[in-house]
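In: Sequence first, then the predicted structure, then my questions.
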Amino acid sequence: MEKIIDEKKQGNSLVMEAKSENSRKLFIESYGCQMNFSDSEIVASILSKEGFNTTQNLEEADLVLVNTCSIREKAEQTVRKRLEKYNAVKRINPGMKVGVLGCMAERLKSKFLEEEKIVDLVVGPDAYKDLPNLINEVEEGRNAVNVILSKEETYGDISPVRLQSNGVSAFVSITRGCDNMCTFCVVPFTRGRERSRDPQSIVEEVNDLAAKGYKEITLLGQNVDSYLWYGGGLKKDFKNASEIQKATATNFAGLLKFVAEAQPKMRIRFSTSNPQDMTLDVIEVMANYRNICNYIHLPVQSGSDRILKKMNRLHTREEYFTLIDNIRKLIPDCGISHDIITGFPTETEEDHQDTLSLMEYVKYDFGFMFAYSERPGTMAERKFEDDVPEEIKKRRLTEIVNLQQEHSRHNTQKFIGKTVEVLIEKESKKSDAHWSGRNSQNTVVVFPKENYQVGDFVNVKINDCTSATLIGEAVGYSKNN
Ligand code: 5AD
Ligand code: SF4
């Protein structure tokens with residue numbers, strides 16, 4: 001499962017470079033995971049061929065699209081508030097059309113059109129190529145909906161336009177959907193079956209980004225480690241079909257190698273890894289290629305074997321520890337982050353203590369922590385009662401967050417006195433005299449700008465830190481420039 005950007009934060013309205021021949025205006029916002037942000041770039045690419053330029057001004061839009069998240073109830077509430085806002089603007093500008101994309105579109109389908117009458121257009125995550133037809137329908141005065149999920153669609157043939165990009169880092173999606181069926185999760189229902197994208201089209205996209213000056217890519221998927229592409233192969237050379245498949249298949253380790261070798265100067269990251277699918281060969285490839293960043297987002301969700309089983313997580317606490325040990329053995333300085341859910345049905349104080357002790361063992365660099373939110377249609381909703389009271393969920397979440405804060409501080413302090421390579425991404429939020437970027441381990445680093453520029457690889461000596469940020473000064477360009 002993927003990292004959620006911040007469901008409380010306003011979704012960014014995103015802009016692309018304008019085409020002079022385009023006259024219609026698209027306002028597009030994304031909420032939720034990085035995959036949604038990446039999908040919005042595919043949508044903008046499809047619509048730029050339909051005469052749309054993007055705008056950041058809601059009031060002047062001909063078409064408003066919101067790419068939505070269903071992962072927790074709060075994420076849906078945020079989108080509902082935005083829909084109210086769009087409808088208020090629509091009362092002043094009745095020609096404006098409003099469409100819902102992504103997971104909420106898939107989950108609620110035509111309910112938005114029939115019962116709530118608050119949108120004109122509903123499009124699920126696998127139907128974006130149908131947008132030109134659907135928009136025509138809407139322009140002729142009919143509501144339009146396409147929420148058909150596909151077993152094949154990867155949008156591999158669409159070259160995304162980069163929205164509000166810093167020109168330095170980009171996402172490249174490699175798989176879509178999820179076959180894991182964790183019992184708490186709505187994603188398998190909203191994003192459908194897992195499928196992998198042709199490695200050739202992935203590398204072409206990465207090469208194209210490199211040619212445009214990008215310095216870092218993140219390979220994206222709900223579960224990147226289960227990436228698998230069956231290539232071609234001459235039948236006469238093999239005894240049977242499965243042998244052909246085995247001999248010519250590309251797994252995630254193979255894809256990582258392929259990408260790392262195609263662009264040895266580009267930083268490569270990936271997200272998200274599922275513990276049960278992350279194999280030793282992936283860790284070995286990471287260790288062998290200096291351009292693959294030493295960072296793994298490895299959600300655990302709970303430290304209790306009983307809860308992991310109820311969540312259908314398919315690994316035990318011990319197996320998770322073995323994986324962590326292997327990562328640390330092969331990549332001693334690897335940054336590791338987590339997702340944890342607290343208050344899953346039947347979670348006891350003892351289960352909660354197991355989560356805290358697992359965190360103590362791993363000492364994660366950072367993490368994303370959530371109170372369990374029951375999602376309609378999931379196995380957990382159908383089978384288990386949401387029986388942990390809200391105040392207990394809240395208290396446990398606070399304990400988890402506080403412990404993580406302690407570990408984060410412990411880990412950032414270890415960098416003091418060391419020199420790290422940073423890719424400059426943008427100006428620091430807190431000071432226009434400082435740059436902000438990340439080290440290989442994905443920790444944010446800020447330092448005085450001097451004459452360095454966005455996109456430079458710089459060696460930075462760390463002098464100070466908070467629990468989330470390293471503070472230092474540049475000591476020169478890194479040899480990666
Ligand atoms: N309630 C709370 N958190 C959830 N997540 C997924 N589903 C739920 C839910 N029903 C969390 C998981 C996942 C992250 C992206 O969101 O921790 O890894
Ligand atoms: Fe991630 Fe599990 Fe949800 Fe799949 S089902 S998206 S692995 S949390």
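Out: Happy to help now that I have it. Ligands and ions are numbered 1, 2, ... in the order given.

In: Next, the contact list for the residue lying closest to Q453 once chain neighbours are set aside, please.
Out: Sequence neighbours aside, I424 is the residue nearest to Q453 in space, at 6.8 Å (criterion: Cβ to Cβ, 6 or more residues apart in numbering). To be clear about C-beta, it is placed using only N, CA and C from the backbone, and glycine gets the same treatment. Shown in contact with I424 (Cβ atoms under 8 Å, 6 or more residues apart in numbering): V168, W435, S436, G437, Y452, Q453, V454, G455, D456, F457, V458.

In: Contacts (any at all) between ligand 1 and the helix ranked longest in the chain?
Out: Of all segments of type helix in the chain, defined using DSSP state H, the longest is helix 390-413. No: using Cβ under 6 Å from any ligand atom, helix 390-413 never reaches ligand 1; the gap is at least 9.8 Å.

In: can you give me the offset of that helix from its chain's centre?
Out: 22 Å (Cα atoms, centre = their mean, to the nearest Å).

In: ok, whichever helix or strand comes after it: who's next to it in the sheet?
Out: Sequence-wise, the next helix or strand downstream of helix 390-413 (DSSP states H and E) is strand 419-427. Note on strand 419-427: by DSSP bridges, its sheet partners are strand 434-438 (antiparallel), strand 457-465 (antiparallel).

In: Can you lay out these as JSON lines showing distance to K97 and mean neighbour count?
Out: Output for the strands paired with strand 419-427, formatted as JSON lines (distance: least, Cβ to Cβ, whole Å; neighbours: other Cβ atoms under 10 Å):
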{"stretch": "strand 434-438", "distance to K97": "37", "mean neighbour count": "22"}
{"stretch": "strand 457-465", "distance to K97": "44", "mean neighbour count": "19"}
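
In: These: which one's closest to S196?
Out: Minimum separation from S196 across the strands paired with strand 419-427 (Cβ to Cβ) falls at strand 434-438, 27.1 Å.

In: Past that closest one, which element shows up next along the chain?
Out: In N-to-C order, the element after strand 434-438 by DSSP H and E is strand 444-448.

In: in its sheet, what does that following strand sit against?
Out: Strand 444-448 has these strand partners (DSSP bridges): strand 434-438 (antiparallel), strand 469-477 (parallel).

In: Buried residues, it. List them.
Out: V444, V445, V446, F447 (16 or more other Cβ atoms under 10 Å).

In: for the stretch 51-200 of the chain, what spans make up the helices?
Out: Per DSSP state H, counting those that start in this stretch, the stretch 51-200 of the chain carries helices over the ranges 73-92, 102-108, 111, 131-139, 187-191, 199-211.

In: From the contact counts, what lies against the third one?
Out: The reference is to helix 111. Helix 111 sits against no helix or strand, with contacts defined as 3 or more Cβ pairs under 8 Å, 6 or more residues apart in numbering; DSSP states H and E.

In: Where do the domain boundaries of this structure fall?
Out: 2-146, 166-293, 330-413, 419-477 (automatic domain parsing).

In: who wins for proximity to G303 among the ones you listed?
Out: domain 330-413 (3.0 Å).

In: and the closest one, how far out from the chain's middle?
Out: With Cα atoms, centre = their mean, you get 19 Å for domain 330-413.

In: What are the phi and psi values at whichever residue of the chain sits closest to ligand 1?
Out: Nearest residue of the chain to ligand 1: D339, at 3.3 Å (Cβ to the nearest ligand atom). Note on D339: backbone dihedrals following degrees, to the nearest 10 are phi -120, psi 140.

In: got a list of what it touches?
Out: Counting by Cβ under 8 Å, 6+ apart, D339 touches M1, K3, H297, P299, V300, Q301, G367, F368, M369, F370.

In: And the pLDDT for the residue in the stretch 351-481 of the chain that ligand 2 sits nearest to?
Out: Nearest to ligand 2 in the stretch 351-481 of the chain, going by Cβ to the nearest ligand atom, is T378, at a distance of 9.0 Å. T378 carries a pLDDT score of 97 in this model.
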